[in-house]
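1. predicted model and sequence follow; I will ask about them next.
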Amino acid sequence: AQAQSSVTLTGTVDVFAGSLENPGDGGHRTVVNSGGMTTSWFGFKGTEDLGGGLKANFALTSFFQADSGNPGRFSGDPFFSRDANVSLASDSWGSLTLGRALAPNFLPTVIFNPFGDSFTFSPLVLHNNISLFNATGWTATTPSDTGWSNEILYTTPSFGGLTGNLHYQLGEQANAAGIHNLGANLLYFHGNFAATAFIERDQVSNPSPAPFATGDRKTDWMGAASYDFSVVKVCGSYGRAWSDTLAPAWKTWSAGASAPIGAGRLLAAYAHTEVNTGAERKTFSLGYDYFLSKSTDLYLVGMRDDVSGFGSGDSFGAGIRKRF
Amino acid sequence: AQAQSSVTLTGTVDVFAGSLENPGDGGHRTVVNSGGMTTSWFGFKGTEDLGGGLKANFALTSFFQADSGNPGRFSGDPFFSRDANVSLASDSWGSLTLGRALAPNFLPTVIFNPFGDSFTFSPLVLHNNISLFNATGWTATTPSDTGWSNEILYTTPSFGGLTGNLHYQLGEQANAAGIHNLGANLLYFHGNFAATAFIERDQVSNPSPAPFATGDRKTDWMGAASYDFSVVKVCGSYGRAWSDTLAPAWKTWSAGASAPIGAGRLLAAYAHTEVNTGAERKTFSLGYDYFLSKSTDLYLVGMRDDVSGFGSGDSFGAGIRKRF
Amino acid sequence: AQAQSSVTLTGTVDVFAGSLENPGDGGHRTVVNSGGMTTSWFGFKGTEDLGGGLKANFALTSFFQADSGNPGRFSGDPFFSRDANVSLASDSWGSLTLGRALAPNFLPTVIFNPFGDSFTFSPLVLHNNISLFNATGWTATTPSDTGWSNEILYTTPSFGGLTGNLHYQLGEQANAAGIHNLGANLLYFHGNFAATAFIERDQVSNPSPAPFATGDRKTDWMGAASYDFSVVKVCGSYGRAWSDTLAPAWKTWSAGASAPIGAGRLLAAYAHTEVNTGAERKTFSLGYDYFLSKSTDLYLVGMRDDVSGFGSGDSFGAGIRKRF
């Protein structure tokens, strides 16, 4: 069979102007920031049809900060922080990926909330993934980032809308070969209904892989579902996170809705997290996302974020997101 | 309307062999260096026609050092040091850009001198933008680099050849929201005549944004014009720069000419800067730029650079510039 | 003549799972690593036909670590560690390249061993290029990396299958203009027979150019040949390396064979190095490389590596290599 190969240059540039204040910040900052709705990224993806239902794929993609021109999501992120992997994919047995790829928590979190992969304004994403480095000392519940290095990833074929991912990250320790991250997720899509679940049991940090201090193992799971009633799409989630050796444990639930209005969608989402230490966080976001085309949208979002004992912070942003 | 989208991979690789000596260096260095005529860069640009005279654009471009393979113009430069932005552009109201983009001083400086954007051999660019980290302690007059992060940039449509750019960079300070850079430029092209002016009032450094030490505000302005007599194109500029709190203030004038000879152009330029501290700098460059094609040229340039009290340094280079 | 220009996005993603142990390591590490057969890289290459047998070319290519997403071969490597150069190439007089490009040792080493440019499993490449940062204190014999910065490279046209490369790297020192790297290689291909030789005399380190400590000059040469009997292709090499001022000197010989079996090739290679300090290293690798298409292969390799006084280490890997 004649092999066919293609490489695509793709990505998203998302920049907004706005004002940001988290509880505990003691003041707001007026900013032009990157990633109001989607963390800006660019990269190269390729696929080659090997015949017989088999394909070879690769992905080499980088988050970047479109406000400062810096690579990565933050200082210290690897250049290809989003993807750096090669895979074989079969119609019959699924796909096997080697390299840097997603963590089990990512797709369930970003697909089942109205603000998607907004690491600035999605309440669920913020509770799960963004620690606040301020007086609140708020710690995200995800044990080991949204992408894993040194990973072996197996994805099942779709069974009537149900697919599963099995994620394994080697710790690569010379004298502790058993150290690893292990997790899985399920994604189910059937007509207007969708559901998901993930679980992770982690011993290695990311994006700079190293065994957790004190030999800790951290666990995180979540279940979520959505239903699209056409006039409004609703979603909800519930999850927990804890450590084998450290005190804090988290319970998070979220609810959201999005409704088509004109050429855009009205978005509303709420997330609530209780820590067993007594702390509580409540975050509500409301936005309107207007599509100029399938690949370009304008958005306006406001958010109130509250951590018990530290009051609330209000943030808002108006931005442009351009996919390419 | 059916939206149409395209992404372009573009850039310039410019490398020369030569000998470099600035006044105060105490000796020359024989080098293979990047960027004799244009600072080497590569990147991705895209445009999408949204219909109704509206377009969405993005630019994601990086300077790099083609002699060492290092990214940026220098150590510490962000990866996408040239551009990292998204914009909406209208035929009727102009364009609005968010992200990392040009500073007001850039286009007036590089369009109105014969050596263009040569940060190695253009006298005007050197006086405005390149501090000498040697015994002379010579400081460039541009307050805050040639590109700004965290920027909101508005560009007018063309009014009979006249366009304007309004640049605003947020300081993003938690307790000093008013800290910012602000500037504007005008560019006028009419037949063989062209003219420009810019002004900047800056409080924030670049490429690593931080408020200036001592809460300083720095101001810089320049006017320039050119006329193309066909056998020779002449240009000249005058500008001043000062600080609200620091002693030095600068006056710079420049003159240049370029003349078509065969498939190339003979280039000559002079810049003169007086500092109110008494120091004076005089720089003269002479070159020939030969075009093998529209996108590839060979160049040979010599430069004499003189700082009062430190004598002169002679530099020359022979190089290849390839645009793609 | 109408100039024609093109830019290509190209590279290789190569990731394997396996177990690695060098002699002196005191234990193995189970890993998902990048570059089992080829150091992963991506980049941009362009060529422009200037007419009259003349072309302008550029290459802007980067090694990267597909397991962690980090750029370069290791921390401290420049971003465009593989290539960052521009060149003019003529059918009649050869080509002249300016910028960052290959060192003289690279092509002779990787073309004349069965494991090609595997910096993980090729015995010859390991002996020549990979120091072991462990108890053995093993030092690679190549004086100054496989790529040079600040380089002027002249390549001859082919004379009946014989081509030569002359490499010169400027030291760019202010007070020691004579400091440089200088080397050359020859490559000869005629039917089933091929032969090569290189020599380098180096005073400057890479990838971060600086004069060697103690003002040392290091020399390295190698000759090699191969013959393809169709059922098996055999190759062998012999080379030496020494320093003008430091004690150790190396003698390395290698032998290898590869044989087509099915859609793949069986690969076997051995390298032997004697240091005049008495140390000895023997490395043997055996592998099978199966091609799913011209641009995608799967490989399985085992290696035994032995350093006198430190016993042996066994490594193996199973991986996917995808060229694009």
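-> All right, it came through fine. Note that the structure is a prediction, hence the values are computed from the model and not measured. Residues are numbered from 1 along each chain as shown, chains lettered A, B, ... in the order given.
2. let me see the contact set for residue A:167.
-> Residues near residue A:167 by CB atoms under 8 Å, 6 or more residues apart in numbering or on different chains: A:101-104, A:148, A:151-153, A:181-185, A:200. The C-beta positions use only the backbone N, C-alpha and C, and glycine is treated the same way.
3. filter those residues down to the buried ones and hand me the ChimeraX line.
-> In ChimeraX syntax, the buried subset of these is picked out as below (16 or more other CB atoms under 10 Å in any protein chain shown):
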select /A:101,102,103,104,148,151,152,153,181,183,184,185,200
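4. what about the contacts of residue A:167, which are in strands?
-> Among the contacts of residue A:167, the members falling in strands (DSSP state E) are A:101-102, A:148, A:151-153, A:181-185, A:200.
5. what sits against the most centrally placed residue in chain A?
-> The centroid of chain A falls nearest to residue A:106 when counting by CA atoms, centre = their mean (4.0 Å). Listed by CB under 8 Å, 6+ apart, the contact set of residue A:106 reads A:146-147.
6. show me the shaky parts of chain A.
-> A:1-5 (pLDDT under 70).
7. what about stretch A:128-144, start to end distance?
-> End-to-end span of stretch A:128-144 (CA to CA, to the nearest Å): 11 Å.
8. what's the lengthiest strand in chain A packed up against?
-> Longest strand in chain A, counting residues (DSSP E): strand A:4-20. Packing partners of strand A:4-20 (3 or more CB pairs under 8 Å, 6 or more residues apart in numbering or on different chains; DSSP states H and E): strand A:29-34, strand A:41-51, strand A:312-323, strand B:4-20, strand B:54-63, strand B:83-90, strand B:94-102, strand C:4-20.
9. just send those back as JSON lines, with distance to residue B:244 too.
-> Conversion of these to JSON lines gives the following (distance: least, CB to CB, whole Å):
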{"stretch": "strand A:29-34", "distance to residue B:244": "22"}
{"stretch": "strand A:41-51", "distance to residue B:244": "40"}
{"stretch": "strand A:312-323", "distance to residue B:244": "32"}
{"stretch": "strand B:4-20", "distance to residue B:244": "35"}
{"stretch": "strand B:54-63", "distance to residue B:244": "30"}
{"stretch": "strand B:83-90", "distance to residue B:244": "29"}
{"stretch": "strand B:94-102", "distance to residue B:244": "24"}
{"stretch": "strand C:4-20", "distance to residue B:244": "47"}
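10. quick revisit: what angle separates the longest strand of chain A from strand A:312-323?
-> Computed with axes from the mean of the first three to the mean of the last three CA atoms, to 10 degrees, the direction of strand A:4-20 lies at 150 degrees from that of strand A:312-323.
11. buried residues in strand A:4-20, which are they?
-> A:5, A:7, A:10-18, A:20.
12. please tell me how far the residue lying closest to residue A:214 once chain neighbours are set aside sits from chain B.
-> Excluding its sequence neighbours, the residue lying closest to residue A:214 (CB to CB, 6 or more residues apart in numbering or on different chains) is residue A:245, at 5.6 Å. As judged by CB to the nearest CB, to the nearest Å, residue A:245 and chain B stand 35 Å apart.
13. and residue A:245, which of the three is it?
-> coil (DSSP: H, G, I helix; E, B strand; the rest coil).
14. could you do residue A:127 as well?
-> Under three-state DSSP, residue A:127 comes out as helix.
15. so what's it up against?
-> Counting by CB under 8 Å, 6+ apart, residue A:127 has contacts A:140-141, A:252, A:254, A:271, A:273, A:281, A:283.
16. dump those residues into TSV; add neighbour count, distance to chain C and secondary structure as well.
-> Formatted as TSV, the contacts of residue A:127 follow (neighbours: other CB atoms under 10 Å in any protein chain shown; distance: CB to the nearest CB, whole Å; DSSP: H, G, I helix; E, B strand; the rest coil):
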residue	neighbour count	distance to chain C	secondary structure
A:140	18	20	coil
A:141	23	23	coil
A:252	22	28	strand
A:254	27	29	strand
A:271	24	29	strand
A:273	25	29	strand
A:281	23	30	strand
A:283	27	30	strand
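17. still on that earlier bit, out of the ones in strands among the contacts of residue A:167, which comes closest to chain B?
-> Lowest distance from chain B to the ones in strands among the contacts of residue A:167 (CB to the nearest CB) belongs to residue A:101, with 22.1 Å.
18. for that closest one, what are its contacts?
-> A:59, A:83, A:85, A:147-148, A:151, A:153, A:167.
19. bridged to residue A:252, which residues?
-> Residue A:252 has the following beta-bridge partners by DSSP bridges: residue A:239, residue A:273.
20. just confirm it contacts residue A:124, I think it does.
-> Yes. Counting by CB atoms under 8 Å, residue A:124 is a contact partner of residue A:252 at 7.5 Å.
21. what sits in contact with each of these two?
-> Common contact partners of residue A:252 and residue A:124 (CB under 8 Å, 6+ apart): A:237, A:271.
22. before we move on, the earlier item: please report the distance of the residue nearest to residue A:214 from residue A:203.
-> Separation of residue A:245 from residue A:203 (CB to CB, to the nearest Å): 11 Å.
23. of those two, who's got more company?
-> residue A:203 (22 against 11; other CB atoms under 10 Å in any protein chain shown).
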